[in-house]
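In: this is a predicted model, with the sequence first.
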Amino acid sequence: MSETDIPTRHPIFYFQASSHVFQVENILYRLCKSILSTYSNVFCDMFAAQDGQIELDGMSDDRPIHLNGLSQDAFELFLEHTFGRVRTGPHTTDELLKFLHFCDMYQCRHTREFVMHAYFLHVSASTQLS
């Protein structure tokens, strides 16, 4: 394994006091299962299925829960929204579509409503500029 293959901790979304380690692409995130469960039915079901079992994956950087098929960009948009990080600029159409796809995959109903609202504002603003 080369140095570029070794996953690195995200500088913001790696919380030492949180419960589970996730890997998206080559980035590690340490996040709280109760927060993720609140915002996503898929995370809620995943953690509920693990209740009472010895959890091996997700307990350390060496055994993260791999979120395959997910882009780092889409996951970080979800985390920014979930943890209330303020964006310095507007979302691009591409970002909003990735975010919407994430919301559908992970069943994030309330977050999806936010994304749809942002998308319609974005489209409306783009149409007015034309």
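Out: Structure received.
In: how many neighbouring residues does residue 20 have?
Out: 21 (other Cβ atoms under 10 Å). In short, each C-beta sits where N, CA and C put it, glycine included.
In: what's the answer for residue 102, then?
Out: Residue 102: 23 surrounding residues under other Cβ under 10 Å.
In: just to check, it is in contact with residue 73?
Out: No. Judged on Cβ atoms under 8 Å, residue 102 makes no contact with residue 73 at a distance of 9.4 Å.
In: could you dump the longest helix seen in the chain to CSV, C-alpha only?
Out: The longest helix of the chain (DSSP state H) is helix 109-129. C-alpha atoms of helix 109-129 as CSV (Å, rounded to 0.1, in the frame of the first residue of the first chain):
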residue,chain,number,x,y,z
ARG,A,109,-36.3,13.3,4.1
HIS,A,110,-35.8,16.6,5.8
THR,A,111,-32.4,17.2,4.3
ARG,A,112,-33.9,16.4,0.9
GLU,A,113,-36.5,19.1,1.4
PHE,A,114,-33.6,21.6,2.1
VAL,A,115,-31.8,20.4,-1.1
MET,A,116,-34.9,20.7,-3.2
HIS,A,117,-35.6,24.2,-1.9
ALA,A,118,-31.9,25.2,-2.6
TYR,A,119,-32.1,23.7,-6.1
PHE,A,120,-35.3,25.5,-7.0
LEU,A,121,-33.8,28.8,-5.8
HIS,A,122,-30.6,28.1,-7.8
VAL,A,123,-32.6,27.3,-11.0
SER,A,124,-34.8,30.3,-10.5
ALA,A,125,-31.8,32.6,-10.1
SER,A,126,-30.1,31.1,-13.1
THR,A,127,-33.3,31.6,-15.2
GLN,A,128,-33.6,35.2,-14.1
LEU,A,129,-30.0,35.9,-15.2
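In: ok, and what's touching it?
Out: 39-41, 78, 81-82, 90-91, 93, 96-97, 99-100, 103-104 (Cβ atoms under 8 Å, 6 or more residues apart in numbering).
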